[in-house]
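S.K.: Sequence and predicted model, in that order:
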Amino acid sequence: MNRARIGIIFGGSSEEHSVSVKSAQEVAKNLDTDSYEPYWIGITRSGAWKLCDFPGTGWENGGARPVVLSPDRSVHGLLVLEQGRCEVIRLDLVLPVLHGTLGEDGAVQGLLELSGIPYAGCDVQSSAICMDKSLTYTVARSAGIATPDFRVVTGNGKVDAGRLPYPVFVKPARSGSSFGVSKVTGEEDLPSALDAARQYDSKILIEEAVAGSEVGCAILGDPCAPITGEVDRVALSHGFFRIHQENSPETGSENSTFIVPADISEASRRLVQESARTIYRALGCRGLARVDMFLKEDGQVVLNEVNTLPGMTSYSRYPRMMAAAGLPLSDVIDRLVSMTLHRKKR
C-alpha cells in the first residue's frame, strides 16, 4: 500500500518561528512513517522556502533545497528548484505546523486553496477570524458567548487613558504566544504598553482584565462531532502566561504550571467543554483548535482566545490535554490526517 505523501510546513517569518520549529520536531517524533511519507517544508525567518530532511537544529542549512508550493492545481504539490532543474513532487495533503502571522491567519490556507491540495486545520475564513481577537470576540458575542469588554486602537490612534478600567491588557490584535502583551495597572504604563504591542501589529486591543482562572480546552475534529480533550488550568505564581518567551520552557515555566485535568468541579468542567464546542462551531473551525477561556468564581465562562494551529511542543497545552483524554499526539496526528483525506473524498 502506498504511503500518503504529506507536506509538513513549519517555521515561518513570524515572531513564533522558533515555536513552530519545536512543534514540527514533536510532530516528526510522533508521525507514523509506515503510513505517511513526510516532506518537510521549512520557511526561514526571512521567508525563504526550503525542503529539508528533518526539522532539526540547522535544518535550513546543508542539503536543504529551495522549494515552492505551486498554486497550479495540475501540479498539486511542490516544485523543487536545484541546479537549473525543477523537480515536481505531488502531495496528497498538507499539514501546516505554523503559528502566528502568515501561518495561522489564513494566508497559507489561501495558497493551499489555490493549489487544490487538501490541508489539515481551519479554512481561510475561520483562520482569519480567529487570528484577529476583536473579530473573534464580535462573532463569539453573536453566539451568546461572553467575552472581555474591549476597545480597538488602530494606527497611532489616541487613547483617553483616564477612562480605562484598570487593570487592562494591551495586546496586538493579530499575534500569538503573548508577544507584545502587557498588563497595565495605571495610566503611566499605558504609552509603553502601546509601543510594545505596535511592534507586532498596527491594530491594538485594550481589554479588561477578567478575574478568574485561566482554563483551556483542546478540540479535534469537524464541527458536527468534535472530540474534546481534558480541560486544563494554568496556575500562575505572578504575572501572566507567556511561556513561549521564556528561556528554557522545556524544563518548566518561570511563573506557570499546567494542571491537567483542571482542578475544578465536574459541573464547571462540562460547562468549559460545552462552551469550547460552541465557540468552535460559531467561528467555523474544523480540524483542531485550542480554546482558551476564563472561569470566573461565579461559574461564568468568558472567552479569552482561540488558537487554530496550537503549539505541539513538548511543553504545549494542546497535546497534554488530548493525552489526558486518552489520545497521544501520534493518534491526534493520525486522526487529523485521516479526516482531511476523508473530507477530500466527499
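M.R.: Done, it's in. It should be emphasised that the depicted structure is a prediction, and the values quoted were computed from it without experimental measurement.

S.K.: What strands flank the lengthiest strand in the chain, and is each parallel or antiparallel?
M.R.: Ranked by residue count and defined by DSSP state E, the top strand of the chain is strand 227-236. Strand pairing for strand 227-236, determined by DSSP bridges: strand 213-220 (antiparallel), strand 256-259 (antiparallel).

S.K.: how about CSV for those strands, with mean pLDDT and mean neighbour count added?
M.R.: Yep, even glycine has a C-beta here, placed from its N, CA and C like the rest. Formatted as CSV, those follow (pLDDT from 0 to 100; neighbours: other Cβ atoms under 10 Å):
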stretch, mean pLDDT, mean neighbour count
strand 213-220, 97, 25
strand 256-259, 88, 16
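
S.K.: how about JSON lines for those strands, with distance to residue 160 added?
M.R.: Below are the strands paired with strand 227-236 laid out as JSON lines (distance: least, Cβ to Cβ, whole Å):
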{"stretch": "strand 213-220", "distance to residue 160": "29"}
{"stretch": "strand 256-259", "distance to residue 160": "33"}
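
S.K.: Can you show me the helices along the stretch 1-150 of the chain?
M.R.: Taking DSSP state H, counting those that start in this stretch as the test, the helices found in the stretch 1-150 of the chain are 17-30, 107-115, 124-131, 133-142.

S.K.: what's the second one packed up against?
M.R.: When you say that, I think you mean helix 107-115. Contact partners of helix 107-115 among helices and strands, from 3 or more Cβ pairs under 8 Å, 6 or more residues apart in numbering; DSSP states H and E: strand 65-69, strand 93-97, helix 124-131.

S.K.: Among these, show me which one is buried the most.
M.R.: strand 93-97 (a mean of 25; mean count of other Cβ atoms under 10 Å).

S.K.: chain center to that one: distance?
M.R.: Averaged C-alpha coordinates place strand 93-97 at 13 Å from its chain's average position (Cα atoms, centre = their mean, to the nearest Å).

S.K.: Format the CA atom coordinates belonging to that strand as CSV.
M.R.: Output of strand 93-97 as CSV, limited to C-alpha atoms (Å, rounded to 0.1, in the frame of the first residue of the first chain):
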residue,chain,number,x,y,z
LEU,A,93,-2.3,16.7,1.7
VAL,A,94,-0.5,19.4,3.7
LEU,A,95,-0.2,19.6,7.4
PRO,A,96,0.6,23.2,8.4
VAL,A,97,2.5,23.5,11.7
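
S.K.: contacts for that strand?
M.R.: Identification of contacts with strand 93-97 by Cβ atoms under 8 Å, 6 or more residues apart in numbering yields 4, 6-10, 20, 23-24, 27, 69, 103, 108-109, 112, 117-121, 309, 312, 333, 336-337, 340-341, 344.

S.K.: buried sites along stretch 269-279?
M.R.: 269, 271-273, 275-279 (16 or more other Cβ atoms under 10 Å).

S.K.: And stretch 159-179, by the same measure?
M.R.: 159, 161, 164, 168-179.

S.K.: Contacts only, for residue 41.
M.R.: By Cβ under 8 Å, 6+ apart, residue 41 lies in contact with 7-10, 49-51, 67, 69, 78.

S.K.: Show me what the closest residue to it other than its chain neighbours is bridged to.
M.R.: Closest residue to residue 41 apart from its sequence neighbours, by Cβ to Cβ, 6 or more residues apart in numbering: residue 9 at 4.7 Å. Beta-bridge pairing for residue 9 (DSSP bridges): residue 41, residue 96.

S.K.: what does the helix or strand bottoming out on mean pLDDT in the chain rub up against?
M.R.: Lowest by mean pLDDT, DSSP states H and E among the helices and strands of the chain is strand 256-259, with a mean of 88. Residues outside strand 256-259 that contact it (Cβ under 8 Å, 6+ apart): 232-237, 241, 243, 317, 320.

S.K.: where exactly do the strands run in the stretch 201-346 of the chain?
M.R.: 203-208, 213-220, 227-236, 256-259, 288-295, 301-307 (DSSP state E, counting those that start in this stretch).

S.K.: Dump those strands to a markdown table, plus distance to residue 265.
M.R.: Formatted as a markdown table, the strands of the stretch 201-346 of the chain follow (distance: least, Cβ to Cβ, whole Å):
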| stretch | distance to residue 265 |
| --- | --- |
| strand 203-208 | 25 |
| strand 213-220 | 12 |
| strand 227-236 | 11 |
| strand 256-259 | 14 |
| strand 288-295 | 10 |
| strand 301-307 | 13 |
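
S.K.: Pick out the shakiest of these, pLDDT-wise.
M.R.: Sorting the strands of the stretch 201-346 of the chain by mean pLDDT places strand 256-259 lowest, at a mean of 88.

S.K.: quick one: that one to chain centroid distance?
M.R.: Distance, centroid of strand 256-259 to centroid of chain: 19 Å (Cα atoms, centre = their mean).

S.K.: Offset the numbering so it begins at 535, please.
M.R.: Sounds good: first residue 535 from here, last item strand 790-793.

S.K.: In space, what's closest to residue 649 - neighbours in sequence excluded?
M.R.: Spatial nearest neighbour of residue 649, chain neighbours left out: residue 605 (5.4 Å); criterion: Cβ to Cβ, 6+ apart.
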